[in-house]
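In: Just need the structure, nothing else, for what follows:
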Amino acid sequence: MEERSHQFKRKQEQNRIRLSKKGGELSQLDLAIILAAGEGTRMKSARPKVLHQIAGRSLIAHVLAATSSLRPRETVVVVGAGREQVTEHIAGIDPKIKTEFQEVRGGTGHATRIALHGGPSTGTVLVCAGDTPLLTAQTLQEFFAHHCEKKAAASVLTADLSQPFGYGRIVRSGSEISAIVEERDATPSQKSITEINSGVYIFDIAHLVDALKKVTSDNSQKEEYLTDVVSLLVSEKKKVAAYKVDDETEILGINDRSQLAECASYMRDRINRALQISGVSILDPDSTWVDLTAEIDSDVTIHPGSAIVGNTKIGTGSTIGPRTTLIDCAVEAGAEIIESYCVASEVGKGAKVGPFTHLRAGTKLASDSRAGSFVEIKNSSIGEGSKVPHLSYVGDATIGRESNIGAATIFVNYDGVTKHETIVGDHVRIGSDSMLVAPVTIGDGAYTAAGSVITENVPAGALGLGRSKQVNILGWVLRKRRGTKSAEAAEKKGNNE
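Out: Predicted coordinates:
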């Protein structure tokens with residue numbers, strides 16, 4: 001394993017040197033074309049296929065992230081189905097990326113021709129599909145370096161699959177590529193070939209433009225195949241190179257929900273493995289889901305059934321889970337979050353959350369604070385060392401340092417029209433089953449009696465008592481509930497006394 005890691009690093013460095021040549025025409029990719037016009041009918045979704053997500057990014061965003069590593073001078077995405085949604089999404093990723101509309105789905109060759117219109121007439125172009133989220137920047141850099149070294153008119157990224165159904169087959173003559181045959185057009189012998197076309201190509205732009213003029217739609221689908229360009233270049237004795245990817249999962253495309261889930265699981269494993277290597281303890285990688293956008297420091301422990309989503313950041317020494325979801329949260333060093341669901345919240349150093357806690361947007365827990373069992377907190381700040389131990393709701397509140405909120409306390413923040421704020425000072429003790437009716441302020445060092453409904457401010461150091469005096473009506477059960485088990489028990493107790 002160690003030797004393989006050293007080899008991988010050496011290969012990375014070699015490719016970095018190749019791609020950083022100054023003054024050479026191949027030091028930077030001239031054009032990247034992403035084909036994303038497909039209907040995606042098998043997804044059975046109103047959402048365009050390339051906008052479905054895995055690991056916190058859309059499929060098209062994964063592909064654009066990988067292709068950006070080649071520093072293309074220009075990137076064009078060919079859109080079709082759901083063009084408005086896809087175009088808006090791409091603009092949000094990078095407004096410099098261009099989009100071209102393929103009104104009639106005429107195949108990959110037709111889409112590529114549309115993308116080339118008005119672009120550079122010379123140089124090098126990468127063409128790939130927008131639904132291959134597992135494709136890595138490292139593989140594209142190696143592929144590009146290989147193409148440059150071979151000085152090829154075209155290069156094809158290939159892979160060996162044990163079950164190649166649905167993919168175009170790589171037909172070779174000796175060690176050279178002679179053709180790429182689509183599944184629907186392949187003969188029985190060609191279908192037995194396991195080396196497949198990934199749909200990722202690098203072309204010399206001038207050769208590609210010339211070949212596309214000669215591509216026809218004389219096939220079962222009546223479409224212009226980009227793969228036919230390869231056959232044309234071969235027939236014209238142009239050099240066509242192949243680069244076989246080591247990890248065949250990188251080229252997996254997505255056509256339905258099952259394949260979406262499959263790719264998501266591969267991405268999960270890739271992310272978790274990288275985190276483990278960096279010093280994160282993931283006790284059950286198969287049940288732990290971490291988005292690419294999350295940041296997790298070393299010596300964090302993640303228990304089974306947890307999801308780390310969005311722009312969540314977790315500091316060193318923290319413990320997460322089991323069965324915990326963090327969405328866009330900031331967790332400082334040494335915090336502990338167990339069996340909880342937290343959104344857009346801040347958890348301070350050494351703070352403890354859970355089990356069965358819901359932190360809603362705007363929650364801020366200071367260092368060494370606690371939000372305990374069956375607690376919901378929303379848009380509130382909990383001060384250093386303060387505790388909301390159990391069975392409470394805190395909304396639109398500010399709680400000072402080292403205060404304690406008794407069990408079953410409700411911060412009554414909504415009057416049916418407007419939300420109001422509650423302020424609790426330092427070293428306050430709120431009795432169990434209290435209701436703090438906002439707007440209200442509990443001063444430093446104050447107490448509230450258990451079972452109180454507090455509707456007025458409680459001064460510092462005072463006891464707030466908001467309940468009626470208890471009255472016992474003797475004999476009520478025997479008079480009003482005669483014949484019940486309660487009456488029998490009461491009568492028996494009375495006779496024994």
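
In: and the end-to-end length of stretch 219-233?
Out: 19 Å (C-alpha to C-alpha, to the nearest Å).

In: contacting residues around it?
Out: 105-113, 127, 153-154, 156, 168, 177-182, 184-185, 197, 201, 203, 207-208, 211-212, 214-217, 240 (C-beta atoms under 8 Å, 6 or more residues apart in numbering). Glycine gets a C-beta too; all of them are placed from N, C-alpha and C.

In: Kindly recompute the last result at 6 Å.
Out: 106-110, 112, 153-154, 168, 179-180, 184-185, 211, 214-215, 217, 240 (C-beta atoms under 6 Å, 6 or more residues apart in numbering).

In: now those: which count as buried?
Out: 106-110, 112, 153-154, 168, 179-180, 211, 215, 240 (16 or more other C-beta atoms under 10 Å).

In: And those, which is closest to Thr67?
Out: Thr112 (14.7 Å; C-beta to C-beta).

In: average model confidence for the strand or helix carrying the closest one?
Out: Using DSSP states H and E, the element containing Thr112 is helix 108-116. The average of the pLDDT scores along helix 108-116 is 95.

In: Now it - C-alpha only, PDB.
Out: Output in PDB follows, covering the C-alpha atoms of helix 108-116 (Å, rounded to 0.1, in the frame of the first residue of the first chain):
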ATOM      1  CA  THR A 108     -23.200  13.500 -29.700                       C
ATOM      2  CA  GLY A 109     -21.600  14.400 -33.000                       C
ATOM      3  CA  HIS A 110     -24.300  17.000 -33.600                       C
ATOM      4  CA  ALA A 111     -24.000  18.400 -30.100                       C
ATOM      5  CA  THR A 112     -20.200  18.700 -30.400                       C
ATOM      6  CA  ARG A 113     -20.600  20.600 -33.700                       C
ATOM      7  CA  ILE A 114     -22.900  23.000 -32.100                       C
ATOM      8  CA  ALA A 115     -20.400  23.600 -29.200                       C
ATOM      9  CA  LEU A 116     -17.600  24.200 -31.700                       C
END
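
In: Now the element after that helix, going C-ward?
Out: With elements assigned by DSSP H and E, the helix or strand that comes after helix 108-116 is strand 124-129.

In: Give me the sheet partners of that next one and which way each runs.
Out: Sheet pairing of strand 124-129 (DSSP bridges) gives strand 31-36 (parallel), strand 195-204 (antiparallel).

In: what does that strand rub up against?
Out: Here strand 124-129 makes contact (C-beta under 6 Å, 6+ apart) with 29-33, 35, 112, 199-203, 205.

In: Output the lowest mean pLDDT helix or strand found in this protein.
Out: Ranking every helix and strand in the chain by mean pLDDT, DSSP states H and E puts helix 2-19 at the bottom, with a mean of 42.

In: what comes up buried for stretch 49-59?
Out: Under the neighbour-count criterion of 16+ other C-beta under 10 Å, stretch 49-59 has Lys49, Val50, Leu51, His52, Ile54, Ala55, Gly56, Arg57, Ser58, Leu59 buried.

In: again but with stretch 280-299, I slipped
Out: Buried residues in stretch 280-299, counting neighbours by 16+ other C-beta under 10 Å, are found at Val280, Ile282, Pro285, Ser287, Thr288, Trp289, Val290, Asp291, Ala294, Ile296, Asp297.

In: In contact with the third one, which residues?
Out: Taking C-beta under 6 Å, 6+ apart, we find Pro285 in contact with Asn272.

In: and what of the fourth one?
Out: Ser287 is in contact with Pro304, Gly305, counting by C-beta under 6 Å, 6+ apart.

In: what pLDDT does it get?
Out: With respect to pLDDT, Ser287 has a value of 98.

In: Okay, it and Asp269: tell me how far apart.
Out: 12 Å (C-beta to C-beta, to the nearest Å).

In: Now do the shared contacts for these two.
Out: Contacts common to Ser287 and Asp269, judged by C-beta under 6 Å, 6+ apart, are absent.

In: quick one: low-confidence parts of this protein?
Out: 1-27, 175, 495-497 (pLDDT under 70).

In: Would you point out which residue is most central in it?
Out: The residue lying closest to the centre of the chain (C-alpha atoms, centre = their mean) is Gly56, at 1.7 Å.

In: give me phi/psi at it?
Out: The phi/psi pair for Gly56 (degrees, to the nearest 10) reads phi 80, psi 0.

In: list the contacts for it?
Out: Asp291, Leu292, Thr293.

In: Hmm, Ile54 and the first one touching each other?
Out: No - proximity of Asp291 to Ile54 does not meet the contact threshold set by C-beta atoms under 6 Å, at 9.1 Å.

In: tell me the secondary structure for Leu478?
Out: At Leu478, secondary structure determined by DSSP: H, G, I helix; E, B strand; the rest coil is helix.
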